[in-house]
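Enquirer: Sequence first, then the predicted structure:
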Amino acid sequence: RTGLLTSVVHEGDMEVITPLQWKIIHENVTESLTNAAKYASATAIHVEIRVLNRFIKAVVSDNGQGAPKVVKGLGLIGMEERAAAMNGTVIADGTRGFIVTTLLPSGAQ
């Protein structure tokens, strides 16, 4: 509906991601996409999900205006709380467009 060019890639064994981890990833990616559509003036968004040795990494990046200082609103705070519930973290970077990374510990070692 937004007209944004969107790409999605994944890498690694997606089968190791638990239903709860998928729920957190889905909610955080959805929130990031909503924020990009509303505030970023972006024309393209890229989503990547990677299963690494010790982490599951979900990254949403856009080519919008970004923000030199990231102000944590309810959306970003909610993302952080969801990730923290599984001993994960969220990193937001607005220096080149806006990038939100969710890192969750993987059960695979």
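Expert: Received the coordinates, thanks.

Enquirer: Can you tell me how far L103 is from V71?
Expert: L103 sits 21 Å away from V71, going by CB to CB, to the nearest Å. Using the backbone N, CA and C atoms, a C-beta is placed for each residue, glycine as well.

Enquirer: can you check S106 too?
Expert: Taking CB to CB, one finds S106 at 30 Å from V71.

Enquirer: In terms of neighbours, single out the busier of the two.
Expert: The residue with more neighbours, out of S106 and V71, is S106; 19 against 8, by other CB atoms under 10 Å.

Enquirer: Report the mean per-residue pLDDT for the helix or strand containing E48.
Expert: Assigned by DSSP states H and E, E48 belongs to strand 44-51. In this model, strand 44-51 carries a mean pLDDT of 97.

Enquirer: List the buried residues for it?
Expert: The neighbour-count check on strand 44-51 (16 or more other CB atoms under 10 Å) flags I45, H46, V47, I49, V51 as buried.

Enquirer: and the helix or strand bottoming out on mean pLDDT in the chain with strand 44-51, angle?
Expert: The weakest-scoring helix or strand in the chain, judged by mean pLDDT, DSSP states H and E, is helix 19-39 (a mean of 92). Here the directions of helix 19-39 and strand 44-51 differ by 170 degrees (axes from the mean of the first three to the mean of the last three CA atoms, to 10 degrees).

Enquirer: list the buried ones in helix 19-39?
Expert: Buried, per 16+ other CB under 10 Å, within helix 19-39: Q21, I24, I25, N28, V29, E31, S32, L33, N35, A36, A37.

Enquirer: Remind me what it packs against, helices and strands.
Expert: With contacts taken as 3 or more CB pairs under 8 Å, 6 or more residues apart in numbering; DSSP states H and E, helix 19-39 sits against strand 44-51, strand 55-62, helix 74-84, strand 98-105.
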